[in-house]
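> Here's a sequence, model it:
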Amino acid sequence: MADVISFSCNHCGMLYRVPFAQAGKLVQCKQCKNNISVPTQSQMAAPGMLDTSVEMNAGEQVLRKETSARNASVPRPSNRTTRITSARVSPVAGASPIVPLPQLVAPPQQKSMAPVLIGAAVLVVVGALVTLIIVLGTRDPGSSPKVSGGNAAADKPKVEPLVLTESDKIRRELEDPGLNAEKALAIYRRGQAAKLTKAELSDIARRVLNKLFDENGANFNGAQLLALIDEFAAHDLQAEALRVVRVVVSREAETSPDGKPNEAFARMQKMLGREKFDFADMLKRAQAMVDAEQEGAPELLAETTASSKAAANGWVERVEAEKVRAQAARLAQLETAHQELLRDNPTLIADRERLKKFRAERASRATAWTYVTTPRFMFYVQLTEPERKKGKQGETEARDRVTPLAQIAARLGDAFMNDWVEPLGLKRSLPQALSAEEREKQLIEIVVCRDARALANYASYIGETVEDDGSVVAFYTLKSQRVCVSGESPASVEDLEVDFALNLQSLLFNYYSKDPLLRDEDQKHRGVMHAMLLDRSLFRCILTPIRAGSLRSATGAQRNFNDCRFFDEIAGLNEILGRWRKPFARDEKGRGIDSFGGPAFSVRNLVEMRSNEHAAEIFRQNLLKLPGISEELANSMSQPSNLNLVATFYSDALLLFLYHFQRDGKPVYREGLMKFISKDLDGLKRDEALKGFEEALGLNDAKWKQLEEEFSARQK
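Okay, the predicted model is just below:
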């Protein structure tokens, strides 16, 4: 066997023998896997001391185990001069004798090595004796020692000092248990200077990144880490780099102290495959779609809220980013659909805001509502229980249910604007809290309850008293300035239409009055109109079918409400007034009065009336002037029930006369009537009605006389 070096692992104590050619090199221990350095000649131990040794060839191949020195036979010196042929002790011809190798002391902590050390010491002594015998046996007695090839000093083997390369030093330092990221990076820089191989530098770079991960990024900030990663780019260490990036980015600020975006932070997030989403904006927009009642918005809002909670400051992991992008796309689609809806209905946002406020009212909270709008009116429609259970389909059915009422409102509103508001220059006065411009844009509100009982319940909530027996199908309330109506068809559809239309007209005129009714106390003193003539008959004349018995034409045929014209002539009305002018007569049974014997009221009487008591006195005085009527009979005939009937017929007839009477094919008094109505809406006081009427129609004594004669002539 070739000359070898015997030594032990300085980590686990495993003993080895390797060829001299491996002196000073690093090899890997076969037992503990640590790197160890093969000692040089000056560090070698005597071979006889090694126990359970293993031959190795620079870590490349493990050779066979040698017999332990404790079991090997030791040659004993004899008297005979013999030549030991062992290559370990016999010098090669012409070479200097080989000196014994220095002893390698085993690690002191391994107590089991004590016998080995003792045996090794004995072998050293024996080896020295054998060498001496060999040397003496080759000399002639009495001769001087032979010097081969020069002096004695030259014959001794030279012990060269071990010189470690920078690569060896780096490897040893990398095994330091106290190595940290900062030291590892310094070693990498030295390796670059020493021009280590790419594989060696890659190994050191990997150690640097692993140390950074172990130390939670150490003191590196985002910019420093990215610069290091860029430097290590050639070593293909993406996995190690991303581990450190994930640690460092968690403590990195998204913006710099001056408020500008931190580019290092953004780049690290993108390296991790994360994507930034503005969840605050998405949630705000989704909530707006929910408030706008856009279909699909509530579900999208719930999904986006969940995604925002899972994201860290808006940054979403790669696996979730696709889902959030899909949510953003759906939100954009909802907004586009909503914009298209707004183009078709410009008041949609304001309408839904009004509905939201209405639903929050105490009277509206307990049930479900939807709405219908026309250019001037907004209907709050209460859903029936079956409609509520159907969801969106039920809301559609509820809106269809109010179609007849919506048609009446649209027809009345158009006529009111065209025939009254624009010609008279009327301006909105309600709601008073709004500006003049805002009032003109404000829709007039109508509440449609699902049935008569619900209407009574709603009235109770707002402080109105309505019988729940179905007798009341519509009413106008000053408390909320709305018309409230039952959406359930009563026994007579005409009753619902007429009652609704009457209340709606009251609402319209109140909204355009400069002195609108705002409290119940106001209505105790007057109605919607100020002049008693207008307050008693104007709305019925506008809606002539409301007049008692007027739903039938002169031929007795039933007329549909929507077929009637505003200020439609009332068939037979003038005939009734003409019959009353005939000589006084009782009916056949003697209990009623068929005729008075003259006119019950003049035009001046009807205009100057200030109260029911005043009207009764005028009626009584007129009756006393007629032949055949005693004071007692006049007092009886002027009682409230008779007064209301007669005064209503005369008031209706006068207003229709003023609107329709013509000379030479042109209306004579229509323009004056409109001016009188305008004065009334402008705040005309009741006791000034006669003066206002004269001014509106331009009446003097002659014209008064002519007006009275023409009105009287119509009573046939």
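
> Can you identify each of the strands in the stretch 551-700 of the chain by residue range?
585-586, 593-595, 662-663, 666-667 (DSSP state E, counting those that start in this stretch).

> quick one: contacts of the last one?
Strand 666-667 is contacted by residues 659-661 when judged by C-beta atoms under 8 Å, 6 or more residues apart in numbering. Heads up, the C-betas are built off the backbone N, CA and C, glycines and all.

> please redo it, this time with the cut-off set to 7 Å
If you take C-beta atoms under 7 Å, 6 or more residues apart in numbering as the criterion, strand 666-667 is touched by Phe661.

> neighbouring strands for that strand, and are they parallel or not?
Each strand that strand 666-667 pairs with, and the sense of that pairing, follows from DSSP bridges: strand 662-663 (antiparallel).

> how much space is there between Lys276 and Ala321?
Applying C-beta to C-beta, to the nearest Å, the value for Lys276 to Ala321 is 10 Å.

> re the thing from before, any chance of TSV for the strands of the stretch 551-700 of the chain, columns distance to Lys392, mean neighbour count and mean pLDDT?
Rendered in TSV, the data for these read as follows (distance: least, C-beta to C-beta, whole Å; neighbours: other C-beta atoms under 10 Å; pLDDT from 0 to 100):
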stretch	distance to Lys392	mean neighbour count	mean pLDDT
strand 585-586	66	12	89
strand 593-595	62	16	90
strand 662-663	54	10	94
strand 666-667	51	10	95
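
> ok, back up a step: quick one, which of Lys276 and Ala321 is more surrounded?
Ala321 (18 against 15; other C-beta atoms under 10 Å).

> Pop out the phi and psi values for that one.
Recorded main-chain torsions at Ala321 are phi -60, psi -40, according to degrees, to the nearest 10.

> Now do the contacts for it.
With contacts defined as C-beta under 7 Å, 6+ apart, the neighbours of Ala321 are Glu275.

> what's the closest non-adjacent residue to Ser37?
Leu26 (5.6 Å; C-beta to C-beta, 6 or more residues apart in numbering).

> thought that neighbour was touching Val18?
No - Leu26 sits out of contact with Val18 when judged by C-beta atoms under 7 Å, with a separation of 11.8 Å.

> Neighbour count for these two, which is higher?
Under the criterion of other C-beta under 10 Å, the comparison of Leu26 against Val18 puts Val18 first, with 24 against 17.

> how close does the more buried one get to Ala218?
Where Ala218 is concerned, Val18 sits at a distance of 40 Å (C-beta to C-beta).

> now do Lys589
Separation of Lys589 from Ala218 (C-beta to C-beta) stands at 118 Å.

> So between these two, which is more surrounded?
A direct count of neighbours by other C-beta under 10 Å for Lys589 and Ala218 places Ala218 higher, at 18 against 6.

> For the nearest residue to the more buried one once chain neighbours are set aside, grab phi and psi.
With sequence-adjacent residues excluded and distances taken as C-beta to C-beta, 6+ apart, Ala218 is closest to Ala181, at 4.6 Å. Geometry field for Ala181 lists phi and psi as phi -60, psi -40, criterion degrees, to the nearest 10.

> So Ala181 sits against Leu209, correct?
No - with contacts counted by C-beta under 7 Å, Ala181 stays clear of Leu209, the gap being 8.5 Å.

> And the contacts of whichever helix or strand Leu301 is part of?
Element membership of Leu301, judged by DSSP states H and E, is helix 297-310. With C-beta under 7 Å, 6+ apart as the test, helix 297-310 has contacts from 279, 282-283, 286-287, 289-290, 320, 323-324, 327, 330-331, 334.

> ok, now with 6 Å
Helix 297-310 has contacts (C-beta atoms under 6 Å, 6 or more residues apart in numbering) with 279, 282-283, 286, 289-290, 324, 327, 330, 334.

> Looking at Ala181 and Leu209, which is more packed in?
Leu209 (25 against 22).

> check contacts around the more buried one.
For Leu209, the contact set (C-beta under 6 Å, 6+ apart) comprises 237, 240, 244.

> got a winner among those for most neighbours?
Neighbour counts for those peak at Val244, which has 27 neighbours (criterion: other C-beta under 10 Å).

> Can you say which helix or strand has it in it?
Using DSSP H and E, the secondary-structure element containing Val244 is helix 238-249.

> Could you do Glu440 as well?
Secondary-structure element containing Glu440, defined by DSSP H and E: helix 436-441.

> if we can go back for a sec, can you name the next helix or strand after the helix holding Val244?
Beyond helix 238-249 on the C-terminal side, the first helix or strand identified by DSSP H and E is helix 263-271.

> What average pLDDT does that next one get?
Model confidence over helix 263-271 averages 87 on the pLDDT scale.

> name the helices or strands packed onto it?
Helices and strands in packing contact with helix 263-271 are listed as helix 222-231, helix 238-249; criterion 3 or more C-beta pairs under 6 Å, 6 or more residues apart in numbering; DSSP states H and E.

> hey, which helix or strand in this protein has the poorest pLDDT?
Averaged element by element with mean pLDDT, DSSP states H and E, the chain has its least confident helix or strand at strand 62-65 (a mean of 38).

> ok now the helix holding Leu301, how far from the chain's centre?
Averaged C-alpha coordinates place helix 297-310 at 7 Å from its chain's average position (C-alpha atoms, centre = their mean, to the nearest Å).

> Can you list the buried residues in stretch 614-622?
Using 16 or more other C-beta atoms under 10 Å as the burial criterion, the residues of stretch 614-622 that qualify are 615-616, 618-620, 622.

> Narrow those to those in helices?
Using DSSP state H, the members of those that fall in helices are 615-616, 618-620, 622.

> now those residues in a markdown table, with distance to Glu632 and pLDDT?
Formatted as a markdown table, the entries for those read as follows, by distance: C-beta to C-beta, whole Å; pLDDT from 0 to 100:
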| residue | distance to Glu632 | pLDDT |
| --- | --- | --- |
| Ala615 | 20 | 96 |
| Ala616 | 15 | 96 |
| Ile618 | 18 | 97 |
| Phe619 | 15 | 96 |
| Arg620 | 11 | 96 |
| Asn622 | 16 | 96 |
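
> Centre-most residue in the chain?
For the chain, the residue nearest the mean C-alpha position is Leu283 (2.0 Å; C-alpha atoms, centre = their mean).

> Could you confirm it falls within a helix?
Yes - residue assignment for Leu283, taken from DSSP: H, G, I helix; E, B strand; the rest coil, places it within a helix.

> mind checking pLDDT for it?
94.

> so who does it touch?
With contacts defined as C-beta under 6 Å, 6+ apart, Leu283 is in contact with Thr304.

> Let me know the average pLDDT across stretch 323-338.
When pLDDT is averaged over stretch 323-338, the result is 92.

> How about stretch 488-500?
Within the predicted structure, the mean pLDDT of stretch 488-500 is 75.
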